[in-house]
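Q: Predicted coordinates and the sequence they were generated for:
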Amino acid sequence: MKLIFEKSVPGRSHQYLPKCDVDGVRLPENLSRTHAPKLPELSETDLSRHYTELNRNVHGVNSGFYPLGSCTMKYNPRINEEMAALPGFTGIHPLAPAHTTRGAQEVLEVSRQLLCEITGMDDMTFQPAAGAHGEFAGVLLIKQYHHARGDFKRTKIIVPDSAHGTNPATAAMCGYTVVNIPSAPNGCVDLEALKQVLGEDTAGLMLTNPNTVGIFDENILEITRLVHEAGGLCYYDGANLNAVMGVVRPGDMGFDCVHLNLHKTFSTPHGGGGPGSGAVGCKAHLAPFLPKSAMMDEGEHIQVRSFAGNFLVVVKAMTYILTLGREGIPEAAKNAVLNANYLQAKLKGTFTPAFDRICMHEFVLDLSSFRKETGVSALDVAKTLIDYGMHPPTMYFPLIVHEALMLEPTETESVETLDWAAEVLRKLYALAYEDPEYMHNAPHNAQIARPDEVRAARNPILRYQA
Amino acid sequence: MNYPNELKYSKSHEWIRYEGDVAIIGISDFAQDALGDVVFINLPAPGDEVIAGDSFGDVESVKAVSDLISPVSGTVLAVNDELEDSPELLNQDPYAAWIIKVEGVTQEEELLSADDYEAFCAEEG
Amino acid sequence: MASYIPSTHPERQAMLRAVGVESLRELYRDVPEAMYLEDGALNIPEGLSEAEVCRKVTAMAAKNHVFPTVLRGAGAYDHYIPSIVKYIPAKEEFLTAYTPYQAEMSQGILQSIFEYQTDICELTGMDVSNASVYDGASAAAEAAAMCRDRKRRVTLISGAAHPDTINTVRTYCYGTNDELRVIPVKDGKTDLEALRGLLTADVASVYVQQPNFFGLFEDTEELGKLTHEAGAMYILGCNPIALAIMKTPAEQGADIAVGEGQPLGMPLSYGGPYLGFMATTTKHMRKLPGRIVGQTVDAKGERAFVLSLQAREQHIRREKASSNICSNQALCALTAGLYMSAMGAEGMAEAARQSMAKAHYLANALCALPGVSMKYSGAYFHEFVTVMPKSEEVLRALEEAEILGGLPVEGGILWCATEKVTREELDRAVSIVKEVLSA
């Protein structure tokens, strides 16, 4: 389709502002813009149609099945959107007098209490805008804690090799040396490997549990005990909380701090890549170090962005938690786990699971032998799924599984959808043996055929130029 | 796969040859094949120190990045700027597309002959 | 009460059988008994129906007071948002999609970001924009991180930048164990002479906000010249509405332009979601953090858009990545792009001119009152600081009249006016101030 700039006609526009009712003021000559920015000029009709056309070329959770592992693409309830759009929330200035924003403070306080209870933490901040941003704030809690005790010798953060890329990147941003430890054959933490690297220089451990291969680490209490014994702290990456919310709490597993992805676990929409909210919870001993705003709060604190964070996202998550409540939260987790296990069971005899056992909310398929036999890669399978209107699973992650496809169906999918997905995947499994060429060239009926990413990276075109 | 006899190779898949005292370093045919289409290269600047066994830059493909490991210690005399605009040269002719020239070489990693390197690659591949 | 789970009890039983277990509890066999929460053990309130939750949350919203007249800015600006800008981002596909990793089913989002990147380049005069970051403060911090290399580690930031920005940049520097020095402020502006003294050989970058926290225009070209003479990079944090009429950051000498994108169609919303824009020159393109959308062709030779230059990012470089940033604020970027397209260059310039005109009208009217004066003398955009007696009483009286007055800052009040306020509202505000002062 055309770019909006290619639809632009000079002089075409819509009037949104009234005439100015006060005298004009001229910007000093040396500060004035010499030429106008070349922004599009469209009628509102054309503008509306342009974005409607763009919207047709987007696959959302509301369009169809979205089993994107590690991303928790559950249904995003409309009521959450309606609540967040209330003028009482959208119309308030972050620096308005506190007595005029009591409702906003109540939202943050209620959300804090709910999420502290769900995670087993004592306090929480909503300032971080995304998961990785929360990790940054969380690891800085660990850093401040050690520094406040006069302990400057702890320079290392331990990260399992199955971790999301954000974990090591975060530790590096916090000035730490990253110590990668290999996973045990069952995908969990290798206790011996952990013991070997623990020491007086250990600042902490970053861990996802259930881990990135969808398994709850049965040694979790031993792991956090070992880290604490060495004087380190334990950081819980909440990416996979959907499997266990209301069933088991990171605080009870021995973690000191945690980040949540409100945009995954608590059903706020991803918006094509944000805005999210990376709330960070912590035990009491880390609470004094939570980030605050220089404009809104007293005292000296760290701060990871302006004001109180993505407030409207918190409104949505709070609405969701209040809706599900005491029974609904664990029920959602349990059904997420049931759906994943059901889909895994339905695929028996086709693609090989990387770990053949009961999984949590997601599971990983290992297509390496399948690829050797057919020449069809995980990428080819993913791209062929697009023709069936199914969003592909996460590909090539975690790195410890080769030719990985990671599926997370979430609890909001029906058994019919899961049966259909299993049937499609079975069909593709068979197709790979009959017509691999077809799959190498997939998708065949999508918005575009496979894009040339090499060309995009070698000769970057990152903006429109007439 | 091509393993020219006149070059020496490191186990991290760089090739090296000398012109007088100056070491010329690039990546092997095996390395470029394993990387796939190279889309960008991060180069050091002339005058930078390199250390045998340490990274002196990296090469990017679309979905991966790999460190370039120096087989020698010394000072960077020159870098092949052409690669910044045309990284595909590393794929097209990895032995012509040298990456850096190093002078004042003080130390050299243990290097392999073409035959030994070919055997090493066969094991890895 | 509602959990959005479709499966019925009999369906769940059948699914459990298919999995080969008796109960849901069995699926959690790896969870140690001692920490497993039995049914009802989670100590939060019982669930609510949609009707109940709607009532409850609406009641919370009602406890906030929305001022019809806003004369406060300080980093969050109350501009007019065209209706279409509110409705299009609520379309369910835009709203509920993930990051566009699968380009073949995400062209709509990718193209919207590509268009946004183009708009930001046009607005800033820079060559390359990323797909946005969290907000203006974190954009400043990311920009400063971009500039650090092995030899140059120190960041300088103007003391006239937004306090949240300064504190955020300080936090990011604390993370990497790097030094931040704040450039002193003189007469409300960055002190040029002080900067000269601070520019040592280890300075990586200098950050200046334009217009600054007090609304004043900085002598950015002079500051930039000094910065470049010292071999450091120059970062300008700009108000995007001002950019419609102001010299571009590129023309002001910036190597990196960043800013808070909230004025581009996002409501105040108690501080978020907003977005941070970030653009630079071709020379520094590969150091730009975050997602970037690029244009290419597909296997049939048709134009296509993809997430590009990914080898810079955390999921590939891991601990060697220069930033851990993963998401952008895609829906906010879409909103900003839509706002810029709806308003057009002329509409945005008009919003900028009117904001500036109304701020000056307000300043002149206030300063005509006895005892009221401007704290600083320089040229300003749509914010300014006054000195007046009885500040607290003035703001309270305005509040009672449904006007959110300026923000109390050290030694004065920081006022803001946008195109949204009318002359009538400004006159009313001034007459209330007059009343308080003459009482």
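A: That came in fine, so what should we check first?
Q: Format the CA atom coordinates belonging to stretch C:432-439 as PDB.
A: Written as PDB, here are the backbone C-alpha positions of stretch C:432-439 (Å, rounded to 0.1, in the frame of the first residue of the first chain):
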ATOM      1  CA  ILE C 432      -8.500  36.200  40.200                       C
ATOM      2  CA  VAL C 433      -4.800  36.800  40.800                       C
ATOM      3  CA  LYS C 434      -5.500  40.500  40.900                       C
ATOM      4  CA  GLU C 435      -8.200  40.000  43.500                       C
ATOM      5  CA  VAL C 436      -5.900  38.000  45.800                       C
ATOM      6  CA  LEU C 437      -3.000  40.400  45.500                       C
ATOM      7  CA  SER C 438      -5.100  43.400  46.200                       C
ATOM      8  CA  ALA C 439      -7.000  41.900  49.100                       C
END
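Q: quick one: contacts of it?
A: Outside stretch C:432-439, the residues that touch it by C-beta atoms under 8 Å, 6 or more residues apart in numbering or on different chains are C:366, C:369-372, C:388-390, C:393-394, C:397-398, C:401, C:403. C-beta coordinates here come from the backbone N, C-alpha and C atoms, glycine included.
Q: Minimum distance to chain C, which residue of chain B gives it?
A: When distances are taken as C-beta to the nearest C-beta, chain B reaches nearest to chain C at B:Glu60, 3.6 Å away.
Q: Go ahead and confirm that residue touches B:Val38.
A: Yes - under the criterion of C-beta atoms under 8 Å, B:Glu60 lies in contact with B:Val38, with a separation of 7.0 Å.
Q: sorry, back to before: now intersect the contacts of stretch C:432-439 with the helices, please.
A: Judged by DSSP state H, those include C:366, C:393-394, C:397-398 as members of helices.
Q: Quick check: PyMOL command selecting the buried ones in those residues.
A: Those of these that meet the burial criterion (16 or more other C-beta atoms under 10 Å in any protein chain shown) are gathered into one PyMOL selection, given here:
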select buried, chain C and resi 366+394+397+398
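Q: between B:Glu60 and B:Val38, who's got more neighbours?
A: Of the pair B:Glu60 and B:Val38, B:Val38 is the one with more neighbours under other C-beta atoms under 10 Å in any protein chain shown, namely 27 against 24.
Q: Which strand or helix spans that one?
A: Using DSSP states H and E, B:Val38 maps to neither a helix nor a strand.
Q: can you tell me how far it sits from chain A?
A: According to C-beta to the nearest C-beta, to the nearest Å, B:Val38 and chain A sit 9 Å apart.
Q: For residue 91, give me its contacts.
A: Defaulting to chain A. For A:Gly91, the set of contacting residues under the criterion of C-beta under 8 Å, 6+ apart consists of C:64, C:66-67, C:267-268.
Q: look at chain C instead
A: By C-beta under 8 Å, 6+ apart, the contact set of C:Lys91 is A:51-52, A:55.
Q: Next: C:Phe67.
A: A:91, A:93, A:96, A:100, C:399, C:402-404.
Q: Need the three-state assignment for it.
A: The three-state label given to C:Phe67 by DSSP: H, G, I helix; E, B strand; the rest coil is coil.
Q: shaky segments in the chain?
A: All of this is about chain A. Within chain A, no stretch falls below the threshold (pLDDT under 70).
Q: Wait, chain C was what I had in mind.
A: Applying pLDDT under 70 to chain C picks out residues C:1.
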